[in-house]
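[1] sequence and predicted structure below; questions after.
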Amino acid sequence: MDSVMDDGDNPGADRGIVEADSPRARARSVMNTKLYGVRPKSVSSTRASSAKKEDVSVLSHSSLMIFSSFVNQQTIEQIGLKLGVPKHVINRIKNHVVDEVVGLHEPIVVQNFQILWAWRGRKSTKKMVDQLLNVLRGINKWELAVIVSAAHKENRRIRMKDFK
């Protein structure tokens, strides 16, 4: 290393290592954060709390899982396509093998959920609920639209007893 500079204050400088960028320095920074409870300002920003406020209960993980367990795969695929999930993503989800030895595919409920999750993404919004309701009505799944709409109006998650 021809461009090595000698810096007496930084013990790693003679080896061409800048202390702030070294893995050891990053690890120490993380350890100090955990040990002393000091959080960087970016972590404690309001973005994290506002993201939680945007999430809609009716599109939560558990709601979509329950919805996926009561709706057949063909309907979920139709919903996913209408919501903009690409066909190749749906096919990849359907063809995903969880046990390569036996060749088992993931259960249908999990596949259904993953198709909906591919549409939903990390955050859910009220606009997404309207989008889902419009798709359900558009494919004549009025009973599903009623369930989603009722849960949304009550600001709650979808429950199993909604389907009985």
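    Nice, thanks for sending it over.
[2] helices of this protein, start to end?
    Secondary structure of the chain, counting by DSSP state H: helices at 23-36, 46-54, 61-70, 73-83, 87-95, 108-120, 126-138, 142-153.
[3] taking helix 87-95 as reference, get the angle to the fourth one.
    An angle of 150 degrees separates the directions of helix 73-83 and helix 87-95 when computed by axes from the mean of the first three to the mean of the last three Cα atoms, to 10 degrees.
[4] pull the residues that contact helix 73-83.
    Under the criterion Cβ atoms under 8 Å, 6 or more residues apart in numbering, residues 68, 71, 87, 90, 94, 108, 111-112, 115-116, 118-119, 131-132, 135-136, 138-139, 141 lie in contact with helix 73-83. All C-beta spots, glycine's among them, are computed from the backbone N, C-alpha and C.
[5] that older thread, out of the helices of the chain, deepest packed?
    When you average the neighbours per residue for each of the helices of the chain (mean count of other Cβ atoms under 10 Å), helix 108-120 leads with a mean of 20.
[6] so where's this protein shaky on pLDDT?
    Applying pLDDT under 70 to the chain flags the ranges 1-54, 99-100.
[7] domain-wise, how is it divided?
    Here the domain assignment for the chain is 1-44, 51-163, based on automatic domain parsing.
[8] how about residue 144: what's its closest non-neighbour residue?
    Ranked by Cβ to Cβ, 6 or more residues apart in numbering and with sequence neighbours excluded, the top spatial neighbour of residue 144 is residue 136, at 4.9 Å.
[9] pretty sure the one you found sits against residue 142.
    Yes: under the criterion of Cβ atoms under 8 Å, residue 136 lies in contact with residue 142, with a separation of 7.4 Å.
[10] for residue 133, give its distance to residue 74.
    As defined by Cβ to Cβ, to the nearest Å, residue 133 lies at a distance of 20 Å from residue 74.
[11] does residue 63 touch residue 55 like I think?
    No: the criterion here is Cβ under 8 Å, and residue 63 misses it with residue 55 at 10.7 Å.
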